[in-house]
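> Fold the following for me, if possible:
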Amino acid sequence: MGDNIGVRLIDELLSKANLERCTSFKETAEIITKIGFKMFLNIVPNITYWSADGRTFQMVLPENPLADFVELPDDGDDIENDCNQELSINEQLSNLNIENESGGEIKRRKGLARKDLWYSNILCGVLHGALEMVQLDCQVTFVSDVLRGDPSTEIRVKLLQILKDEIPDGDE
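Next up, the predicted model:
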C-alpha cells in the first residue's frame, strides 16, 4: 500500500528540488529524510542507526502527521455484549467475516489494534515505491510506533539490491 504514491512523489521531488544523482545509499537516505519528508510531511526524521555494511538504516520520526487525531483502542477493550444489548454499527462491522478474493474467509478479531495494526504503514509503501523508481529495491518496515505505545516512531529501510536500468525490447 502506498507504492504508487511514492512513484508520484519521487517525480515531484526530483523535478522541484533540482538534485544531482545520489552516489551512495547513505546520500539517498539523507535526501529522503532532509528533503523528501520535509517537502511532503513538513518533518525531518533523524537517522539513528546504520548497519556495518551500510545497507540498512533506521529513522526516527519526530512526529507523525498521519497519526494526528488518531487514537487506537486498547487491546483490553474486548467487552462481551449482553444478548439484549443492541450492537452499534461499528461493532457489527468489526464482528463480520469477510470473504477475500480467493473465496476464503478472513476472520476479524476484536481488540488487537495495538498489537496487529501499523496505522501509518502507508509510509513504508511510499518509501518503497519512491526508492524503486530510483533503482533501489528496498525492504521498508515499521520498527515502532507511538500509536502502539512505543516511545518513538521508527522506520527501518534495508537495501536488498540495486536494480539495473533495462531498456525494453524495441525501444532505443
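
> Low-confidence regions, this protein specifically.
68-119, 167-168, 171-172 (pLDDT under 70).

> all strands in it, in order from the N-terminus.
Using DSSP state E, the strands of the chain run over 46-50, 56-61, 98-99, 105-106, 136-144, 153-162.

> Format these as a markdown table; extra columns: mean neighbour count.
Where C-beta positions appear, they are placed from N, C-alpha and C, glycine not excepted. Formatted as a markdown table, those follow (neighbours: other CB atoms under 10 Å):
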| stretch | mean neighbour count |
| --- | --- |
| strand 46-50 | 13 |
| strand 56-61 | 20 |
| strand 98-99 | 9 |
| strand 105-106 | 9 |
| strand 136-144 | 17 |
| strand 153-162 | 17 |
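
> For Gly2, which of those is the nearest?
strand 136-144 (9.4 Å; CB to CB).

> what's next to that closest one, contact-wise?
For strand 136-144, contacts defined as CB atoms under 8 Å, 6 or more residues apart in numbering pick out 25, 28, 58, 118, 120-121, 124-125, 127-128, 131-132, 150-163.

> Kindly recompute the last result at 10 Å.
2, 6, 22, 25, 28, 49, 55-56, 58-60, 118-121, 123-132, 148, 150-163 (CB atoms under 10 Å, 6 or more residues apart in numbering).

> Having no further points to raise, I will conclude here.
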